[in-house]
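Participant: please work out how this folds:
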Amino acid sequence: MIGRTLTALPVYNEVAHVAEVLDEALRYSDEVLVVDDGSTDGTSALLAARGDLHVVTHDRNRGYGAALRSAFDFAQRGGYDVLVTIDCDGQHEPQRIPQFIDALAPSGGRRFDVVSGSRYLEPFRGDSRPPADRRRINRIITEELNRRLGLNLTDAFCGFKAYRVAALRGIEVTETGYAMPLEFWVRAAESGLKIIELPVPLIYLDEHRSFGGALDEARTRLAVYRQVLQRSLATCCVGRPGSCSPGSCSTAPCDRQTNPCDCEEEVA
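Facilitator: Have a look, this model is predicted:
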C-alpha cells in the first residue's frame, strides 16, 4: 500500500502555464501543493482564487531549492507517505504521476526511496532537442556525481521525482537555488537511499528560458554547480563512525563502519 500522496509544484511567475498544469495534476493526484516562490506576475492571485489546492507562499523569491525544501517540510508535517514533485512550466506530463507513485510500491523484495525522472534514459517520439550547453552541463555533472557517489544516474537535474516521505526525514539540504538537486544527491547517497530512474519525454517549450542573473552564462553555471557539489561532498559523513574527514569525498554511501572514503580528484 502506498498511502497518502501529495504532488508539489514549485512556482515562480508561471501565470501563462500554471492553470493548465494544475488542472492536469489534479486529475492524477489525490492532493496538490503549490509553493509560490514570491511570484509577481499575477500567479499569486490566480492561486488565491482556487479552492482545490494547498498553497505555501514565500514572501519573496527564495529560489528553486528553497521551494522544494518547503514542499519537503509540508509533506513531512502533513503525514503524507509519498511526495511527487513536478515543474510548472509545461515540461513535465502530469499523466505520468501514477507511474512514479507505483514505482515506490515494494515489489519482488525491492523497495525504492526515490524515483527520479530521466530525459536521457530512453528516447520518446517527438522529443525536443535540448540546448547544447544545458545537455553538456547535465552530462558533466551527472558523470561527476556517479563517479564520486557510486550512483548510476543518467539525468541529475530532472525535477520530476517521487519520494518516500519517511526517507526524507534524514535528509537535510541547505542550497536554495537551482543547484539544490546536487546537494540532495550527496545526502541521498550518504543516507543509503535506494534510487531508480524512470524515463520521461524531453520537452523544451522555451529554449531561451532564463535561469536568472549570472547563471544564464553556461561557464558560470557549471562553476556554481561544481562549487555546490564540492561543498556538499566536503561535509559528507562528518560525525559518523568510520566516516570521511572534512574535505574528503565519498565514492559510496557513507554509513560504512569500515573502509574510509577515498577522494579521487578535486572538483574545479
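
Participant: out of everything not next to it in sequence, what's closest to Ile203?
Facilitator: Gln91 (4.6 Å; CB to CB, 6 or more residues apart in numbering). (Glycine included, C-beta is placed from N, CA and C.)

Participant: what secondary structure does the closest residue to Tyr64 other than its chain neighbours sit in?
Facilitator: Once flanking residues are discounted, Tyr64 sits nearest to Tyr178: 5.1 Å by CB to CB, 6+ apart. At Tyr178, secondary structure determined by DSSP: H, G, I helix; E, B strand; the rest coil is coil.

Participant: separation between Tyr178 and Ile137?
Facilitator: Between Tyr178 and Ile137 the computed distance is 11 Å (CB to CB, to the nearest Å).

Participant: and if you look at Ala103?
Facilitator: Ala103 is 27 Å from Ile137, by CB to CB.

Participant: these two - which one has more neighbours?
Facilitator: For Ala103 and Ile137, the more surrounded residue by other CB atoms under 10 Å is Ile137, and the numbers stand at 19 against 16.

Participant: what about the strands in the protein?
Facilitator: 5-11, 32-37, 54-58, 82-85, 114-118, 161-164, 195-199 (DSSP state E).

Participant: re the thing from before, please tell me how far the residue nearest to Tyr64 sits from Ala48.
Facilitator: 27 Å.

Participant: just Ile101 next, same as before
Facilitator: 28 Å.

Participant: same deal with Asp23?
Facilitator: Applying CB to CB to Asp23 and Ala48 gives a distance of 16 Å.

Participant: swap in Ile171?
Facilitator: From Ile171 to Ala48 the distance is 31 Å (CB to CB).

Participant: with neighbour numbers in mind, choose between these two.
Facilitator: Using other CB under 10 Å as the criterion, Ile171 and Ala48 rank with Ile171 on top: 19 against 12.

Participant: what sits closest to the more buried one if chain neighbours are left out?
Facilitator: In space, and not counting its chain neighbours, Ile171 is closest to Arg187: 4.7 Å by CB to CB, 6+ apart.

Participant: what's the answer for Gln95, then?
Facilitator: Tyr28 (5.9 Å).

Participant: what's near enough to touch the one you found?
Facilitator: Counting by CB atoms under 8 Å, 6 or more residues apart in numbering, Tyr28 touches 7, 94-95, 97-98.

Participant: all the helices of the stretch 151-268 of the chain, residue numbers only.
Facilitator: Taking DSSP state H, counting those that start in this stretch, the helices of the stretch 151-268 of the chain run over residues 165-168, 180-190, 218-234.

Participant: export those as JSON lines, with columns for mean neighbour count and mean pLDDT.
Facilitator: Output for the helices of the stretch 151-268 of the chain, formatted as JSON lines (neighbours: other CB atoms under 10 Å; pLDDT from 0 to 100):
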{"stretch": "helix 165-168", "mean neighbour count": "19", "mean pLDDT": "96"}
{"stretch": "helix 180-190", "mean neighbour count": "24", "mean pLDDT": "96"}
{"stretch": "helix 218-234", "mean neighbour count": "18", "mean pLDDT": "93"}
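
Participant: can you lay out these as a markdown table showing distance to Val114?
Facilitator: Putting these into a markdown table (distance: least, CB to CB, whole Å) gives the following:
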| stretch | distance to Val114 |
| --- | --- |
| helix 165-168 | 7 |
| helix 180-190 | 6 |
| helix 218-234 | 16 |
